[in-house]
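>>> Fold the following, please.
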Amino acid sequence: MTPLAAPFPHCRPRRLRRTAWIRDMVAETRLSVSDLIWPLFVREGEGMEEPVASLPGVSRLSVDRAVEAAQRAADLGIPCLALFPYTDAADKNPEATEAWNPENLVNRATRAIKAAVPGIGVLLDVALDPYNSDGHDGIVRDGTILNDETLIALEKMALCQAEAGCDILGPSDMMDGRIGVIRSALEAHDFPDTLIMSYAAKYASVFYGPFRDAVGATGALKGDKKTYQMDPANSAEAMREVAIDLAEGADMVMVKPGLPYLDICGRVKREFDVPVFAYQVSGEYAMLEAAFGHGWLERERTVLETLGAFKRAGCDGILTYHAPLAAELFG
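Take a look at the predicted model:
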């Protein structure tokens, strides 16, 4: 309910906006560096920084450069990194077996980062698409994405990542039952403290295109992901997905994409009151960078305004490629 206010001139809302200090004092939303997770793409090689054409300012990093980025993040106060692999086509197959190779890119990068910067958190994606020659998050047979067979693969993948030392598992596959399977496996293999940030409301969105370029999945994808990712028209369905994942053992939930789904972020926070994260995905970032590049929007203020929108909607944290810039602006 909107509180009753005295009529003008006794009520002048602008009094609370007159100076910077009073605006800060009554601000309803606080954004800080501790809200940020920085996504990084890793690739094979040494001393490598390979720009991603569709993500201006973002590069695929060799493991040694990813370690340097982790140190930069720690110096800036960014608490967590999310690592994603650029997988060579030779390492992809229909079974996605590279996903649970202890020596795959993200597992090696996790160990190297943890050895060099032990205080920083590492989040790893649990999905088969970077390793699947069909480009899907699940195992494909005769054009059908198989749910239960995929769960077996995801369990092996999650355990491998936990053994590598990751702090947060991020199941992003949207297979039914995967949170329960992964949580049970973690408990059974003595990883009770490994967190699960479920991509609980992941929509079949057009905004993922540049990300697929970054991980080398664009040409591999056969068909679309509409049989497992959510219909952008639906909101109540997202609440059911969140409820299921929490009941199965998720510690935190994520909404993806971000800005086009702020209503979902807000509804999840209101209905469940659990830690809620959003991913400001590659397409969102690319649109902003295109506007910055043409001088249509001012970069620093726009970045802070969009990140603030996530917090205002109820998010506890944001995965964003603008994390280093935002951290520098926080000073």
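
>>> Could you measure from I37 over to A99?
Going from I37 to A99 by CB to CB, to the nearest Å gives 21 Å. Heads up, the C-betas are built off the backbone N, CA and C, glycines and all.

>>> between those two, which one's more packed in?
Taking other CB atoms under 10 Å, I37 and A99 do not tie; A99 has more neighbours (26 against 23).

>>> Please report how far the more buried one lies from R60.
In terms of CB to CB, A99 sits 18 Å off from R60.

>>> In terms of helices and strands, where is A200?
Here A200 sits within strand 195-202, counting by DSSP states H and E.

>>> tell me the mean pLDDT for that strand?
Taken as a whole, strand 195-202 has a mean pLDDT of 98.

>>> Equivalent analysis for stretch 42-49, please.
So the average pLDDT for stretch 42-49 ends up being 97.

>>> Give me the distance between the two termini of that stretch.
With CA to CA, to the nearest Å as the measure, stretch 42-49 spans 9 Å from end to end.

>>> neighbouring contacts of it?
By CB atoms under 8 Å, 6 or more residues apart in numbering, the residues outside stretch 42-49 that reach it are 50, 59-66, 83-86, 88, 105-106, 109.

>>> Return the distance of it from the chain's centre.
Taking CA atoms, centre = their mean, to the nearest Å, the mean C-alpha location of stretch 42-49 is offset from the chain mean by 22 Å.

>>> Just the buried positions in it, please.
Neighbour-count burial for stretch 42-49, counted by 16 or more other CB atoms under 10 Å, picks out 42-43, 48.

>>> swap in stretch 169-181?
For stretch 169-181, a neighbour-count test (16+ other CB under 10 Å) marks 169-175, 178-181 as buried.

>>> now, which of these lie within helices?
Cross-referencing the buried residues of stretch 169-181 against helices under DSSP state H gives 178-181.

>>> Show me the strands in the stretch 151-300 of the chain, by range?
Secondary structure of the stretch 151-300 of the chain (DSSP state E, counting those that start in this stretch): strands located at 168-171, 195-202, 252-256, 276-279.

>>> With distance to C315 added, can I get those in a markdown table?
Formatted as a markdown table, these follow (distance: least, CB to CB, whole Å):
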| stretch | distance to C315 |
| --- | --- |
| strand 168-171 | 15 |
| strand 195-202 | 12 |
| strand 252-256 | 8 |
| strand 276-279 | 5 |
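
>>> For P210, which of those strands is the nearest?
Minimum separation from P210 across the strands of the stretch 151-300 of the chain (CB to CB) falls at strand 276-279, 12.8 Å.

>>> Neighbouring strands - and their directions - for that closest one?
Strand 276-279 pairs in its sheet with strand 252-256 (parallel), strand 317-319 (parallel), by DSSP bridges.
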